[in-house]
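S.K.: take this sequence and fold it.
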Amino acid sequence: MTGGGSLLIRDIHTLATMDARNTVLHGAFIYVEDGAIRRMGTRLPKTLRPERTLCAPYSIAIPGLVNTHHHLYQTLTRALPAAANVELFDWLRTLYPLWARLDEEALHTAALVGMAELMLSGCTTTTDHHYVFPRGREKMIDAEIQAARRIGIRFHPTRGSMSVGQSRGGLPPDSVVQDEEEILADSERLIRKYHDPSPGAMLRIALAPCSPFSVSPELMRATAELAARHGVRLHTHLAETRDEEAYCVRCFGRRPLDLLSDVGWMSDGTWLAHGIWFNRREVARLGRARVGIAHCPTSNMRLGSGTAPALALRRAGSPVGLGVDGSASNDSSHMLAEARQALLLNRLTHGAAALHVEEALRMATVEGARCLGRDDIGALAPGKRADIALFDLRAAGYSGAADAVSALLLCAPARVDTLVVEGRVVVESGQLRTLRLEPVLKSHRQMAARLVKAKPLF
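M.R.: From the prediction side, this is the model:
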């Protein structure tokens, strides 16, 4: 999908640009041509002749939200009782056997549902960390790429991998791990077939060995070398739990971040999921290297994993974006809710003045874009891509609010009213315009029931 034609959004009640000054405009307009913002401001030129005009006198417009960590396939295993009240390692041991039953059709459908949920929450760009490849299911990333193209979201899939199964001391069952040469070959195939490094790209590939307890250091190092050859980014889980830290010390004789450094990952081309158990020295090292962090507060709270030092990492120089994480550890893919959760958790930890609403929104937009290596999204300005989320301030949950920007995160998370991706209206009046969602949801519920061998809710 590419942007086409021209679009004018006028009379915008409140426009939060997320520029360096957090500029907010009132009674504003945005003019879009060919997927990019061409003009914006408060004085609408009479010479504009857009192909389509939207009026937004009751809306707040913000840059489309950027989700920096997800596992879309997990929408098929939400709210599973056996995994509802356990921590990460036991949670994984419970779910790995179920995920071993995945196929490309199930992943395609799961991705559509997760992407729809993200878009309806104001998200225009998402990554996905897919690392489960059951025997004979080599085209899983291809399946979710087709889902992204079908629904119209900007997509950064990461080719995940697991190569160390239980028989070699790892956590995943051997049925879902792959040979390391096979992993590297498929990673290169995906880059050559799909990766688009050009400005405004709708699709970029990254490489993402799953975690220190599911891949070898040799694979981590080889993946870094492959990424450097092709100019793509690196992603992995790191420092999520104390169990992971103990595993690294026992198996490798070093802490997770030292392991990461040894295999050549300490650069601004890397972003990490979670990053909870870094000490002060490690936070400083990450900041100097400009390594990005996908802060996943809801998942971390749900699994009792801990609280990431997000504010310290930002001060040190790391871009800190937000991730909804897998729908089996968050059970939701609502990016506006995740931004609110980040605001509240960090205030609980550090005090009410420690993180302002505007800064939490920056994490969900500008800093998320930086984690993904993008400077063409995450803010609204001439020259940026036209990824725009508009929320209707007439909703009951906003009634009585004195400030529209504060209301977005201090009031209950709302459904987006209008969503524009690359200049294309993909959500209008709170409804997806690119996909008939109900048949997809029906198929998704049936697939989920088969996967977990349970009766569907309805």
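
S.K.: buried residues in stretch 200-209, which are they?
M.R.: 200-202, 204-209 (16 or more other C-beta atoms under 10 Å). In this view, the C-beta of every residue, glycine as well, is placed from N, C-alpha and C.

S.K.: for those, which one is nearest residue 389?
M.R.: Within those, proximity to residue 389 (C-beta to C-beta) peaks at residue 202, which comes in at 17.0 Å.

S.K.: isn't the closest one up against residue 155?
M.R.: Yes - assessed by C-beta atoms under 8 Å, residue 202 is found in contact with residue 155 at 6.8 Å.

S.K.: okay, and the common contacts of the two?
M.R.: Applying C-beta atoms under 8 Å, 6 or more residues apart in numbering, one finds that residue 202 and residue 155 are jointly contacted by 148-149.

S.K.: middle-most residue in this structure, spatially?
M.R.: The centroid of the chain falls nearest to residue 67 when counting by C-alpha atoms, centre = their mean (2.4 Å).

S.K.: helices along the stretch 251-400 of the chain, start to end?
M.R.: 256-262, 280-289, 297-302, 310-316, 335-350, 357-364, 366-371 (DSSP state H, counting those that start in this stretch).

S.K.: what's the closest of the buried residues of stretch 200-209 to residue 75?
M.R.: residue 208 (18.8 Å).

S.K.: wait, is the closest one part of a helix?
M.R.: No - counting by DSSP: H, G, I helix; E, B strand; the rest coil, residue 208 is not found in a helix; it is strand.

S.K.: from residue 271, how far out is the nearest residue to it once chain neighbours are set aside?
M.R.: Leaving aside its chain neighbours, residue 208 sits nearest to residue 158 (3.6 Å; criterion: C-beta to C-beta, 6 or more residues apart in numbering). For residue 158, the distance to residue 271 equals 10 Å [C-beta to C-beta, to the nearest Å].

S.K.: shared neighbours of those two, anything?
M.R.: In contact with both residue 158 and residue 271: residue 235, using C-beta under 8 Å, 6+ apart.

S.K.: looking at those two, which is more packed in?
M.R.: Neighbours of residue 158 and residue 271, each counted by other C-beta atoms under 10 Å, are more numerous for residue 271; the result is 31 against 28.

S.K.: does that one have beta-bridge partners, and which?
M.R.: Per DSSP bridges, the residues bridged to residue 271 are residue 235, residue 292.

S.K.: isn't it up against residue 369?
M.R.: No - Residue 271 lies out of contact with residue 369 (C-beta under 8 Å); the separation is 11.1 Å.

S.K.: identify the contacts common to the two.
M.R.: By C-beta under 8 Å, 6+ apart, residue 271 and residue 369 have these common neighbours: residue 321.

S.K.: closest to residue 216 out of the helices of the stretch 251-400 of the chain?
M.R.: For those, the distance to residue 216 is smallest for helix 256-262, at 10.8 Å, taking C-beta to C-beta.

S.K.: pull the residues that contact that closest one.
M.R.: Against helix 256-262 from outside (C-beta under 8 Å, 6+ apart): 212, 217, 220, 236, 238-239, 244-245, 248, 252, 254, 266, 270, 272, 277-278, 282, 285-286.

S.K.: go again with 6 Å.
M.R.: Outside helix 256-262, the residues that touch it by C-beta atoms under 6 Å, 6 or more residues apart in numbering are 212, 238-239, 248, 252, 282.
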